[in-house]
Each structure stands twice: as C-alpha cells, then as structure tokens.
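Novice: Quick one, fold the following:
(one chain, ligands or ions: 1)
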Amino acid sequence: MDFEISAEHRQLRTTLREFFEAEAPIEEVARFDRDEEFNSELYRKAAGLGLCGLAFGEEYGGSAADQISICIAVEEVARASAALAYAWLPTATFCAKGIARFGTEEQKKEILPRIADGTVRMAMGLSEPEAGSDLTHLTTRAERDGDDFVINGQKVFTTGADTADHIFAFVRTDPEATASRGLSVLLVPRDSEGLVVRPLRKLAGQATHTCEVFLNDVRVPKENLVGELGRGSAIIFSLMDAERIYVGAEGTGLGQGALDMALKYAQERVQFGKPIIEHQAVAHMLADMAMNVQTARLLTWQAAWRLDRGLDCTMEASMAKVYGSEAGTRCAAHGMQILGGYSYMVEYGMERYWRETKLYEIAGGTNQIMRNMIAKQLTRRAR
Ligand SMILES: Cc1cc2nc3c(=O)[nH]c(=O)nc-3n(C[C@H](O)[C@H](O)[C@H](O)COP(=O)(O)OP(=O)(O)OC[C@H]3O[C@@H](n4cnc5c(N)ncnc54)[C@H](O)[C@@H]3O)c2cc1C
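Specialist: Next up is the predicted model:
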C-alpha cells in the first residue's frame, strides 16, 4: 500500500491552486455570487488548463485522467468556487462521460472536443417535481414521430440549464413501461422550440443558476438518443458511482478551503493578548477540521482508486459522498465559529462556504439514500 500521490498529482494541485487563487480570489467569487453572474471567461480559462477534458480520451481532445487526478481537480475547483464546480462537473464529468461511454461516434466527434475547449456546456436533466430520489418515477415523455422524438414534461433543479448548449435529459420513451424500464437519454438543445428555462432563487452558488425546464412538444432528431433506446437507467446509474465520489471531493475541497481560511485567521487574530489559535478551544476546532478533511480525502481517494481498477465501488463511493459532504458542513460550521462576527461578513468568504456546503448532502443522491445504499451493500457483501 502506498499513500503517496505521484509528482504529477502534486503538480496538478499546485497548478490549479495557483490558477484559482489568481483568477478567482475571494472578492471576485463574492461578486459573481452577488451579481449572479456566470463567468464564461473563467470557465474557458479553466478549460484551457485541461479541466474540461479530464473524463475522456485524447482522440476527442481530452486527457483520460485517472480518478485521483479528477478528485484533486474537483477539490481545487470547490475550494475556489462552488458555483464554478456546479457549472463544471455536470458538463465535464457526468454528461461528458455519458457521451464518451454510450454516445454515437458522431455525438463524440461533435460534442466532446467542444466540451474540452470550454465552448460547449451541458446540464443534467434528471430530477422532476415528482421524481427526486426516486428517479424511476419520472414522467417526462418522449414519443417517436417519424425521424424525431417529441418531448413533453418538466424537469426541475437543472443546474446551468440557462447557459448550457444541451440538456442531457432522462426521459420515458416507453409509456407502457414502469419504474426503471423504458427510460432513455436524449440530448436536447437548449434553443429547441418549445423549451422554456426558468431560473430558481436559491441559497448559494448563485453564479450558476439552478432552473426549471418546461418541455412542450420539443422535437429532437432520433440521432440525439444517447445509448440504446430504453436503456437509459443503465446509463444513468452507471455514471452515479463516479459522480458520488466527486461530490465527496467537493466536500473535501470546501472543507480544505474553510480550514485554510480559519487557520490563517486564528494565527493572526489576537484576543486576551495572544493569537486565538493559542486558546485551546480554537486549536481543537482546527484539529477537528483537519481530521475531517483528511478522512474525507482518504475515503474519496480509496473509492477513486477502486473505480480506476474497475472494482465494485458502490459502497465506497457512497461512503465518500456522505463523509465528504458532511465533513464540508462540519468544517464550514467550525470556520464560522473561529472567525467570530467576521464570519458573517461577505468579504471574508466563510459565510459562502457555510451556505454552499449543504447542497453536497442533498444532490447526487441524498445522504439518507446513500446510507440506505451502504447498508444494502453491507448486507450483500456479508453473504
Ligand atoms: C442546488 C441544487 C442543484 C441541483 N442540480 C441538479 C441538476 O443539475 N440536475 C438534476 O437532475 N438534479 C439536480 N438537483 C436535484 C437533486 O439531485 C435532488 O434535490 C435530490 O436528488 C433529492 O431529490 P428531492 O429534492 O426531490 O428530495 P426527495 O427525494 O423528495 O427527498 C426528500 C427527503 O426525503 C428523504 N427520502 C426520500 N426517500 C427516502 C428513502 N427511501 N429513505 C430515506 N430517506 C428518503 C430524502 O433523503 C430527503 O431528506 C439539484 C438540487 C439542488 C438543491
């Protein structure tokens, strides 16, 4: 067993840390958040560093990075800006991976190089008003009509739908089938006639809107089907392990950001004649934060290591997701306490971490659903 990451992994972290500290300092990120401004230029620059092509091969402009590299990249993006992470991950990991693994050659050639260079963005259209944790009860329907599919229904919580080029939509193509059968994935161009996007007001990550998407007789060519007709559940569920590992990495990165900020503050802030880090109550909060971050990172990397080797990692990915997200929340809460009244002030940045972190416990499969899955895997592996 080797706990040391490679020189390339360390270099990746250093490059990304320097990039985001220069391009997305706290005051800039606070401004994007306040103005609800999606920063396309920052996104393109990040793509220029190779961030958008990590999940697919060189033949389509990507780099086919190993999972530890992707986790490091996710950590660094989340440490800098959750809004950018919300914009980047659905495109660069979930949708790009879906197209790379299940798409037609035409879809790969057309879309992947443009994802890699940052000119195309995608949104994940899975959740619906009546289908959240239980996606198999989704009701958005796509019916064949000649060479097209005609889509009717509604998606909700589709992050980045207002600025995406395509929605990677999970729809029912067999109206007779129930539960996980008869579902498919379609690429729906955002500028399709009959498609209306409405941004929702939300707690955090305002620079990337989370939206409702209404589909009224939206027509897409049959060539926009990703994978086999009626095999959509297999596609979506096969992408979930990786997605959960990355949510764990987001929580880890956010926790690391809160720790770095709190540590610096505790070394500089003087009360009762000494830096507050010398008050044991504060030092212990920092120690707890460091343990949370380290444990989250190890769980995330272990799951990533298994995924890279094609080993079953459903339990490890679920653990990484739960622990990483909750570690992020614990670190942000301690960070708030350590910065005292200043934590409440937008210019310090800690309140942003605190608002952002809750999402990781909800999206990508809620932590209750993840605990159900861990328990199920425990039973299965005990057999
Ligand atoms: C900011 C934001 C961005 C999002 N971005 C996207 C996106 O880009 N694309 C997308 O498709 N979705 C997105 N989502 C949706 C997200 O994935 C869902 O919110 C999540 O899957 C939970 O679904 P739900 O909100 O409908 O909650 P529900 O499924 O209604 O759950 C409500 C509560 O009941 C609990 N619960 C439900 N079933 C069980 C059970 N069997 N056992 C134990 N507890 C249970 C849940 O854990 C939760 O606490 C986003 C959500 C948010 C808030």
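Novice: Could you pull up the residues touching Ser133?
Specialist: Residues near Ser133 by C-beta atoms under 8 Å, 6 or more residues apart in numbering: 365-366, 368-369. (C-beta placed from N, C-alpha, C; glycine too.)
Novice: can you do 10 Å?
Specialist: 127, 362, 365-366, 368-369, 372 (C-beta atoms under 10 Å, 6 or more residues apart in numbering).
Novice: Which one (most neighbours) among these?
Specialist: Gly365 (21 neighbours; other C-beta atoms under 10 Å).
Novice: For Val218, give its distance to the ligand.
Specialist: Distance, Val218 to the ligand, using C-beta to the nearest ligand atom, to the nearest Å: 17 Å.
Novice: On the three-state scheme, that residue is what?
Specialist: strand (DSSP: H, G, I helix; E, B strand; the rest coil).
Novice: same deal with Leu89?
Specialist: Leu89 - assigned by three-state DSSP - is helix.
Novice: show me what contacts it?
Specialist: 55, 70, 73-74, 77-78, 95-96, 124, 159-160, 243, 246-247, 249-250, 363-364.
Novice: Quick check, pLDDT for it.
Specialist: For Leu89, the pLDDT comes out at 94.
Novice: Give me the distance between it and the ligand.
Specialist: On the measure of C-beta to the nearest ligand atom, Leu89 and the ligand end up 9 Å apart.
Novice: out of the contacts of Ser133, who's near the ligand?
Specialist: Among the contacts of Ser133, the residues that sit close to the ligand (C-beta under 6 Å from any ligand atom) are 127, 362, 366, 368-369, 372.
Novice: Just these: which are in helices?
Specialist: 362, 368-369, 372 (DSSP state H).
Novice: What's the separation between Ala64 and Ile236?
Specialist: 22 Å (C-beta to C-beta, to the nearest Å).
Novice: wait, I meant Ser81
Specialist: 27 Å.
Novice: farthest pair in the contacts of Ser133?
Specialist: Ser127 and Asn372 (18.0 Å; C-beta to C-beta).
Novice: Report how many residues lie close to the residue of the stretch 1-150 of the chain found nearest the ligand.
Specialist: Nearest residue of the stretch 1-150 of the chain to the ligand: Gly132, at 1.8 Å (C-beta to the nearest ligand atom). Neighbours of Gly132 under the rule other C-beta under 10 Å: 17.
Novice: ok, now which ones touch it?
Specialist: Contacts of Gly132 (C-beta under 10 Å, 6+ apart): 126, 138, 156-157, 362, 365-366, 369.
Novice: among the residues you listed, which are in strands?
Specialist: 156-157 (DSSP state E).
Novice: residues touching the nearest residue to Leu203 once chain neighbours are set aside, list them.
Specialist: Excluding its sequence neighbours, the residue lying closest to Leu203 (C-beta to C-beta, 6 or more residues apart in numbering) is Arg355, at 5.3 Å. Listed by C-beta under 10 Å, 6+ apart, the contact set of Arg355 reads 33, 82, 202-206, 332.
Novice: pLDDT and neighbour count added to those, as a markdown table?
Specialist: Formatted as a markdown table, the contacts of Arg355 follow (pLDDT from 0 to 100; neighbours: other C-beta atoms under 10 Å):
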| residue | pLDDT | neighbour count |
| --- | --- | --- |
| Asp33 | 90 | 21 |
| Ala82 | 87 | 28 |
| Lys202 | 95 | 15 |
| Leu203 | 96 | 10 |
| Ala204 | 95 | 18 |
| Gly205 | 92 | 23 |
| Gln206 | 89 | 19 |
| Ala332 | 98 | 28 |
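Novice: Looking at those residues, which is nearest the ligand?
Specialist: Nearest to the ligand among these, with distances taken as C-beta to the nearest ligand atom, is Lys202, at 5.4 Å.
Novice: right, and that closest one touches Ala363 too?
Specialist: No - applying C-beta atoms under 10 Å as the test, Lys202 and Ala363 come out as separate, 11.5 Å apart.
Novice: How about the residues of this structure by the ligand?
Specialist: 90, 123-127, 132-133, 157-159, 202, 210, 359, 362-363, 366, 368-369, 372.
Novice: if we go to 8 Å?
Specialist: Contact residues (C-beta under 8 Å from any ligand atom) of the chain with the ligand: 86, 90, 123-127, 131-135, 155-161, 170, 202-205, 210, 359, 362-369, 371-372.
Novice: Kindly provide the whole-number mean pLDDT of the longest helix seen in the chain.
Specialist: Taking DSSP H as the criterion, the chain has its longest helix at helix 232-268. Per-residue pLDDT over helix 232-268 has a mean of 97.
Novice: mind listing what's buried in it?
Specialist: Residues 232-233, 235-236, 239-259, 261-263, 265-266 are the ones in helix 232-268 that count as buried (16 or more other C-beta atoms under 10 Å).
Novice: Stretch 164-182 too?
Specialist: For stretch 164-182, by 16+ other C-beta under 10 Å, it's 164-173, 182.
Novice: residues in contact with Leu339?
Specialist: Applying C-beta under 10 Å, 6+ apart, the residues contacting Leu339 are 258, 261-262, 265-266, 269, 276, 345, 348-351.
Novice: for the chain, what spans make up the strands?
Specialist: 122-125, 141-145, 148-159, 166-172, 183-189, 195-199, 210-221, 225-226, 270-271, 274-275.
Novice: Take these and lay them out in JSON lines including distance to Glu110.
Specialist: What follows is the strands of the chain, written out as JSON lines (distance: least, C-beta to C-beta, whole Å):
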{"stretch": "strand 122-125", "distance to Glu110": "13"}
{"stretch": "strand 141-145", "distance to Glu110": "20"}
{"stretch": "strand 148-159", "distance to Glu110": "18"}
{"stretch": "strand 166-172", "distance to Glu110": "10"}
{"stretch": "strand 183-189", "distance to Glu110": "10"}
{"stretch": "strand 195-199", "distance to Glu110": "19"}
{"stretch": "strand 210-221", "distance to Glu110": "12"}
{"stretch": "strand 225-226", "distance to Glu110": "12"}
{"stretch": "strand 270-271", "distance to Glu110": "59"}
{"stretch": "strand 274-275", "distance to Glu110": "57"}
